[in-house]
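# Here is my input, please return the structure:
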Amino acid sequence: MPDDRLNWLKLASMNWVGATLMAGLIKKYKHPRLAMLAAPGDIMQIQGWDNRRAQRFSAEATKSQPICSLEELDSKGIRLITFNDPEYPPLLREIPDSPLVLFAKGEPLGNCSPAIAIVGARNASQMGYELAHDFAFKLAKAGFTIVSGLALGIDTYAHRGALDAEEKTIAVLANGVDMVYPRGNSKVRERLLNSGAVISEFAPGVAPLPWYFPIRNRIISGMCIATLVIEASARSGSLITARLAGEQNREVFAVPGGSSSSPSEGTMELIKEGANLVTSPEEIIEYYSDLLPADKLSSFEKLKREELKEDEDLTEKERKIVLRLASGATIDELLQENWKSDELFSLLLQLEMRNYIVKLSGGRYQTRRQINKAN
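As a prediction, the model looks like this:
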């Protein structure tokens, strides 16, 4: 019997149709063969189609060539996930411009719900990287599948956080899944393929082009229940993802930064526009607690108890410093509060080594996690 994948690959090659019209077509006819045989008059009943497009589609559909060969897919170990496939992310089917097919490498997507996207700046601050890793680690532990774009920067640390939690993470690419891009993330990609997946609507061999990234972003937000933005400049591609999430009726969360911080201008703008302000993973976990697996939530609660136990080991002076830094105090302000400089910097070094604070540029510090105000 002929391989049914061929019909999907033939339909996928007709990219002049556009994602929205193609999605409407497959949602009506369910199968590519039926869509390719449909009469122009029937196709015109689908929203967005006009006579010119319907006539052209009808004339070209049955003669179209596959966007790639089955031999290439099989030889490279690439799975074809069609719109009808059980592996296709269910939330992604709901958006108006759902991709017809996805190409995938790595572990099966399985039940990747609830999934949450974590995106942000390529050139973020060290604090932004730490936050991305921490949010991803804890959200993954609580039962979320972490989705990002495998770009350098925040994406990298989001994937790493999920991987360090030994949980699933999915990278959505703006190029073929057989291509290693960016090269700087080759090791993260290798780890990801062993416990997660890379997916793309672009065929094998397709190189990344600048306009492919915003096209890709609708998949990142569309397959997720929510999008979390950590540090984004005023013109960041992450803002495109966030706004697409809003258009797709998904929740948007943003971590605030300093008002004078360039990497945080975009997140502050999102918050002004109505995005949910969050400062800790626990806030998101509580928001979606009814959707998360009970065993994962139990695992996360154990992690929280371990952190609280660590907090008990803080001395009174260490706790005081962490709480002052969390309230926005600077080192100069601490020194004006009668701290001896040698003692203060020794304590700061110890807290940094124990992962309570992170040193930023200009000798500034910021806390990495919340602690109780008293033992």
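
# what ranges do the strands span in the chain?
For the chain, the strands defined by DSSP state E cover 79-82, 101-106, 115-120, 145-148, 169-172, 197-200, 226-230, 251-255, 276-277, 357-359, 365-367.

# will you turn those into JSON lines that also has distance to residue 95, mean neighbour count and mean pLDDT?
Where you see a C-beta, it was placed from the backbone N, CA and C, and this is true even at glycine. Shown next, in JSON lines, are the strands of the chain (distance: least, CB to CB, whole Å; neighbours: other CB atoms under 10 Å; pLDDT from 0 to 100):
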{"stretch": "strand 79-82", "distance to residue 95": "16", "mean neighbour count": "21", "mean pLDDT": "97"}
{"stretch": "strand 101-106", "distance to residue 95": "13", "mean neighbour count": "23", "mean pLDDT": "98"}
{"stretch": "strand 115-120", "distance to residue 95": "13", "mean neighbour count": "30", "mean pLDDT": "97"}
{"stretch": "strand 145-148", "distance to residue 95": "14", "mean neighbour count": "29", "mean pLDDT": "97"}
{"stretch": "strand 169-172", "distance to residue 95": "13", "mean neighbour count": "28", "mean pLDDT": "97"}
{"stretch": "strand 197-200", "distance to residue 95": "15", "mean neighbour count": "26", "mean pLDDT": "98"}
{"stretch": "strand 226-230", "distance to residue 95": "13", "mean neighbour count": "28", "mean pLDDT": "96"}
{"stretch": "strand 251-255", "distance to residue 95": "15", "mean neighbour count": "24", "mean pLDDT": "94"}
{"stretch": "strand 276-277", "distance to residue 95": "20", "mean neighbour count": "14", "mean pLDDT": "92"}
{"stretch": "strand 357-359", "distance to residue 95": "37", "mean neighbour count": "19", "mean pLDDT": "78"}
{"stretch": "strand 365-367", "distance to residue 95": "36", "mean neighbour count": "19", "mean pLDDT": "74"}
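
# got these as JSON lines, with distance to residue 4 columns?
Formatted as JSON lines, the strands of the chain follow (distance: least, CB to CB, whole Å):
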{"stretch": "strand 79-82", "distance to residue 4": "8"}
{"stretch": "strand 101-106", "distance to residue 4": "12"}
{"stretch": "strand 115-120", "distance to residue 4": "27"}
{"stretch": "strand 145-148", "distance to residue 4": "28"}
{"stretch": "strand 169-172", "distance to residue 4": "25"}
{"stretch": "strand 197-200", "distance to residue 4": "20"}
{"stretch": "strand 226-230", "distance to residue 4": "34"}
{"stretch": "strand 251-255", "distance to residue 4": "36"}
{"stretch": "strand 276-277", "distance to residue 4": "42"}
{"stretch": "strand 357-359", "distance to residue 4": "52"}
{"stretch": "strand 365-367", "distance to residue 4": "54"}
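
# For the closest residue in space to residue 226 that isn't next to it in sequence, which residues are in contact?
Spatial nearest neighbour of residue 226, excluding adjacent residues (CB to CB, 6 or more residues apart in numbering): residue 251 at 3.9 Å. Contact partners of residue 251, counting by CB atoms under 8 Å, 6 or more residues apart in numbering, are 225-227, 245, 276, 287.

# before we move on, back to that, select, out of the strands of the chain, the one closest to residue 130.
strand 357-359 (5.1 Å; CB to CB).

# quick revisit: between the contacts of residue 251, which is nearest residue 126?
Distances from residue 126 to the contacts of residue 251, taken by CB to CB, are shortest for residue 227, at 22.7 Å.

# so who does the closest one touch?
By CB under 8 Å, 6+ apart, the contact list for residue 227 reads 116-119, 220-221, 241-242, 245, 250-253.

# let's go with 7 Å and repeat that
Shown in contact with residue 227 (CB atoms under 7 Å, 6 or more residues apart in numbering): 117, 119, 221, 241-242, 245, 250, 252.

# same thing with residue 189?
150, 180, 198.

# Could you export those as a markdown table, including distance to residue 79?
Shown next, in a markdown table, are the contacts of residue 189 (distance: CB to CB, whole Å):
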| residue | distance to residue 79 |
| --- | --- |
| 150 | 18 |
| 180 | 18 |
| 198 | 11 |
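
# among the contacts of residue 251, which two are most distant?
Farthest pair in these (CB to CB) is 245 and 287. Separation: 14.8 Å.

# In terms of neighbours, single out the busier of those two.
Taking other CB atoms under 10 Å, residue 245 and residue 287 do not tie; residue 245 has more neighbours (27 against 14).

# any idea how far the more buried one is from residue 117?
7 Å (CB to CB, to the nearest Å).

# coming back round to it: compare the strands of the chain and give me the one nearest residue 132.
strand 226-230 (5.0 Å).
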